[in-house]
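Chemist: Quick one: sequence and predicted model below, then my questions.
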Protein chains: 2
Amino acid sequence: MTSTTEPRKVRADARQNLDALLTAARTVFARAGVDAPAREIATEAGVGVGTLYRHFPNRAELVAAVFTSEIDATAAAAGELLAEHPPKEALDLWITRFTRFVATKQGLSAALRSGDPAFDALPALLMGKLGPALASLLDAAAAAGDIRDDVDPLELLQAVGDLSHRAPSADGTPNPMVRLLLDGLRAR
Amino acid sequence: MTSTTEPRKVRADARQNLDALLTAARTVFARAGVDAPAREIATEAGVGVGTLYRHFPNRAELVAAVFTSEIDATAAAAGELLAEHPPKEALDLWITRFTRFVATKQGLSAALRSGDPAFDALPALLMGKLGPALASLLDAAAAAGDIRDDVDPLELLQAVGDLSHRAPSADGTPNPMVRLLLDGLRAR
DNA sequence: CCACTATACGGAACACTGTTCCGTTTATGC
DNA sequence: GCATAAACGGAACAGTGTTCCGTATAGTGG
């Protein structure tokens, strides 16, 4: 094994450019949505498009990289909320947080929904990290008898994402349709 | 007034080409979804792209034209269902029908959700025709006390559309998340 | 400190979109 | 038939994502 600790030399400028790209992408995505042209991101980072594609196989991977930390934070929030609130309340709070995350990222849900194979990495990332988080919340709430127990976490996650695309949520409230969906979860 | 009955001569070949375009578009959309390239549709119709754009200002208008008759039929179904079934049942049946319509048209909901201004005509068409249809169903069900009365028909329509994008619905059943949404409608 | 080489860079070039433009063809009315 | 306005075809334009490759350079062994 030549890989774990000591081996390949990563050129310093490469590392710098990668950081610059991530920062630039974050900025541009916030300003113009995830559909922003690759050239614009490269320019913002002060590099050529070739450099962008050297670091990421395609735009979608860049999007995934940019959102990874926030996705991790959102996933982690599930455990915290569960520790501090009753199960159903924790679930509602987490959904609200997730809703805000999706709504905040212009075009994120559009990308998720697009079906474009270029964005395959995105759903995989979201589902992989957030699926288990939501599952834990659903299990807790179901165990408490607050909600039905036959809901697929991934389907629900996808659905909430789909419904959250236009929620300015000035006050951070999830949109009415998400609420309706959550009402539908209640045990009867 | 030179417009009502006798005036402008519509060249026969123009009318033929328009029909050919609509037929071709229907075929291509079914095969490759509404995102199919304009050139492909023109070729299928045996005309040049210029001709396509002579008849439709942009691709979205063509999509709208292709789906208009089906949309009209779906809207009309609301009244029929309402005449033959109890309100809540009529509502559920209509939603199922609408779901199937959306799911059947590859990429339709994606286009709706895209926010792309090019597709402005599409939501306008759907909302304009189907909104009132759904409103009548909701009103009837709310009057019967079956569901809450504070639901915006357009929002619900949009939401169901958003949720229906991947529902093969082998058996014609709406997907589980749409069901959850409908459960949320129930008066409490 | 220098030369050398693998690494990384930049941006022109390619393939594919939607859409526009305009020279050519053709249906129609006389 | 002829003239003419309508309609056509497809080349051309603008804007994507992505690839390619000649050039520049960081790191290293002498």
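Modeler: Done, it's in.

Chemist: Quick check on the residue most central in space within chain A: phi, psi?
Modeler: For chain A, the residue whose C-alpha lies nearest the mean C-alpha position (Cα atoms, centre = their mean) is residue A:71; its distance is 4.6 Å. Listed backbone geometry of residue A:71 is phi -60, psi -40, with angles given as degrees, to the nearest 10.

Chemist: ok, now which ones touch residue A:14?
Modeler: When the contact criterion is Cβ atoms under 8 Å, 6 or more residues apart in numbering or on different chains, the partners of residue A:14 are residue A:55. Any C-beta I mention is one placed from the backbone N, CA and C, and that applies to glycine too.

Chemist: Residues contacting the helix or strand encompassing residue A:180, please?
Modeler: Per DSSP states H and E, residue A:180 falls inside helix A:176-185. The contact list for helix A:176-185 (Cβ under 8 Å, 6+ apart) reads A:91-92, A:95, A:99, A:141, A:147-148, A:151, A:156, A:159-160, A:163-164, A:167, B:151-152, B:155-156, B:158-159, B:177, B:179-185.

Chemist: Break chain A down into its domains, please.
Modeler: Domain segmentation of chain A under automatic domain parsing yields A:1-55, A:58-185.

Chemist: Just name the most buried of those.
Modeler: Of all those, domain A:58-185 carries the top mean neighbour count, a mean of 18, counting by mean count of other Cβ atoms under 10 Å in any protein chain shown.

Chemist: Residue A:126 - nearest residue in space that isn't next to it in sequence?
Modeler: Nearest residue to residue A:126 in three dimensions, chain neighbours excluded: residue A:71, at 6.4 Å (Cβ to Cβ, 6 or more residues apart in numbering or on different chains).

Chemist: Next: residue A:123.
Modeler: Counting by Cβ to Cβ, 6+ apart, the nearest residue to residue A:123 once its immediate chain neighbours are dropped is residue A:112, at 5.8 Å.

Chemist: That neighbour: which element?
Modeler: Take DSSP H and E as the rule and residue A:112 turns out to sit in helix A:108-113.

Chemist: How far away from the center of its chain is that helix?
Modeler: Per Cα atoms, centre = their mean, to the nearest Å, the displacement of helix A:108-113 from the mean C-alpha position of its chain is 10 Å.

Chemist: ok so, going back, return the per-residue confidence for the residue nearest to residue A:123.
Modeler: Note for residue A:112: predicted pLDDT of 70.

Chemist: how close does it sit to DNA strand C?
Modeler: Using Cβ to the nearest atom of the strand, to the nearest Å, one gets 21 Å for the distance from residue A:112 to DNA strand C.

Chemist: do the same with residue A:108
Modeler: To DNA strand C, residue A:108 is 22 Å away according to Cβ to the nearest atom of the strand.

Chemist: That residue contacts residue A:64, correct?
Modeler: No. The pair residue A:108 / residue A:64 is not scored as a contact, 10.7 Å apart, by Cβ atoms under 8 Å.

Chemist: Mutual contacts of those two, please.
Modeler: Jointly contacting residue A:108 and residue A:64 under the rule Cβ under 8 Å, 6+ apart are residue A:122.

Chemist: so the residue nearest to residue A:123 makes contact with residue A:163?
Modeler: No. Applying Cβ under 8 Å as the test, residue A:112 and residue A:163 come out as separate, 11.9 Å apart.

Chemist: What part of chain A, helix or strand, is modelled with the least confidence?
Modeler: Between all helices and strands in chain A, the lowest mean by mean pLDDT, DSSP states H and E belongs to helix A:108-113, at a mean of 73.

Chemist: show me where pLDDT drops low in chain A?
Modeler: Filtered on pLDDT under 70, chain A yields the residue ranges A:1-8, A:113-118, A:166-172.

Chemist: is stretch A:51-61 anywhere near chain B?
Modeler: No. Stretch A:51-61 lies apart from chain B when judged by Cβ under 8 Å from any Cβ of the partner chain; the minimum separation is 15.9 Å.
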